[in-house]
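*Asks:* Predicted model follows, preceded by the sequence.
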Amino acid sequence: MKRVTIHTDGACSGNPGPGGWGAILRYDAGGKNYEREISGAERDTTNNRMELTAAIMALSLLTEACEVTLYSDSRYLVDGLSKGWAKSWRRKNWRKSDGKPALNTDLWERLLELCESHNVKLIWVKGHSDNEFNERCDVLAVNAYKRG
């Protein structure tokens, strides 16, 4: 199985407001290192939607089942998957434990589908703490919404 490292970040100017997402995919194939940067924007969104979108867009690029290590500074994303919250919400017809509706169910549904196709390990990183790849993803996300 191919091993891929993904770094993601989302950003929003206002919450909601214009937002962007950025991701970096890195992998080694035949002794050669590859790196790809992607980004995008939406006019009226939230930071959490951009965080989820970054992961979705990066995972969507994988054309075969991979071992993925995904780094994010979003507790919402990392905990939602690694602690099983999203799967629980889906089992409960997209309701949280308090009975209130879960948010961003369209994105969580797609993300869960993608994670079922890959072996995904999630790692939370502290945002804006001199992590080279997290900082680069933040620049990609901010530049995307400023352009968009």
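*Replies:* Everything's here; your move. Numbers count the residues shown, from 1 in each chain.

*Asks:* ok, for the residue positioned nearest the centre of the chain, nearest residue in space, not its chain neighbours?
*Replies:* Closest to where the C-alpha atoms of the chain average out (C-alpha atoms, centre = their mean) is Ala55, at 2.4 Å. Spatial nearest neighbour of Ala55, excluding adjacent residues (C-beta to C-beta, 6 or more residues apart in numbering): Thr8 at 5.1 Å. All C-beta spots, glycine's among them, are computed from the backbone N, C-alpha and C.

*Asks:* Would you map the strands across the chain?
*Replies:* For the chain, the strands defined by DSSP state E cover 2-12, 17-29, 32-45, 66-72, 119-124.

*Asks:* tell me the angle the fourth one makes with strand 17-29.
*Replies:* Taking axes from the mean of the first three to the mean of the last three C-alpha atoms, to 10 degrees, one finds that strand 66-72 is oriented at 140 degrees with respect to strand 17-29.

*Asks:* Next: the first one.
*Replies:* Between strand 2-12 and strand 17-29, the angle comes out at 170 degrees (the same axes, to 10 degrees).

*Asks:* Ok, the longest one next?
*Replies:* Our comparison of strand 32-45 with strand 17-29, counting by the same axes, to 10 degrees, yields an angle of 170 degrees.

*Asks:* for this protein, longest helix please?
*Replies:* When the chain is parsed with DSSP state H, its longest helix is helix 132-147.
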